[in-house]
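S.K.: can you look at this prediction? I've put the sequence above it.
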Amino acid sequence: MESAKRVGEKKDWIKGATGDWEIVIGMEVHAQVLAKSKLFSGASAEFGGEPNDHVSLVDAAMPGMLPVINEFCVEQAIRTGLGLKAQINKRSVFDRKN
């Protein structure tokens with residue numbers, strides 16, 4: 001319990017062979033947000049349609065096209081975190097593979 005005093009907050013710690021361990025539980029949530037457009041492009045998120053019907057230049061990874069995040073989706077993710085009484089990061093970084 002000495003480690004918890006050094007941090008200055010009352011936390012749950014367990015004794016380990018190499019020292020005290022803080023108990024931390026993380027969650028990764030996968031959910032489909034009911035948004036009108038995709039997360040990183042303005043293309044429609046509507047289900048169905050012809051092949052390549054809901055594709056923008058960003059989705060196709062065309063040169064010079066940079067993604068812009070859908071603010072509505074971010075707001076919904078934050079609401080979910082707040083509902084779970086989770087810690088919300090003030091800054092997040094997204095990396096895309098295209």
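M.R.: Now that the structure is in, tell me what you want to look at.

S.K.: which helix or strand contains M65?
M.R.: In the assignment (DSSP states H and E), M65 maps to no helix and no strand.

S.K.: helix or strand for W21, which one?
M.R.: Under the criterion of DSSP H and E, W21 resides in strand 19-22.

S.K.: so how far is the helix or strand that that strand is followed by off the chain centroid?
M.R.: Toward the C-terminus, strand 19-22 is succeeded by helix 71-83 as the next helix or strand (DSSP H and E). Centroid displacement of helix 71-83 relative to its chain, using C-alpha atoms, centre = their mean, to the nearest Å, is 9 Å.

S.K.: show the pLDDT at the closest residue to D59 other than its chain neighbours.
M.R.: Spatial nearest neighbour of D59, excluding adjacent residues (C-beta to C-beta, 6 or more residues apart in numbering): S41 at 5.2 Å. C-betas here are computed from N, CA, C, even on glycine. pLDDT recorded at S41 is 92.

S.K.: from V24, how far off is S41?
M.R.: Separation of S41 from V24 (C-beta to C-beta, to the nearest Å): 35 Å.

S.K.: so for the two, which sits in the more crowded spot?
M.R.: S41 (20 against 7; other C-beta atoms under 10 Å).

S.K.: where are the low-confidence patches of this protein?
M.R.: In the predicted model, the chain carries pLDDT under 70 at residues 1-11, 96, 98.

S.K.: point to the residue nearest the middle of it.
M.R.: For the chain, the residue whose C-alpha lies nearest the mean C-alpha position (C-alpha atoms, centre = their mean) is A77; its distance is 6.9 Å.

S.K.: in this structure it contacts H30, no?
M.R.: No: counting by C-beta atoms under 8 Å, A77 sits too far from H30 to count as a contact (11.2 Å).
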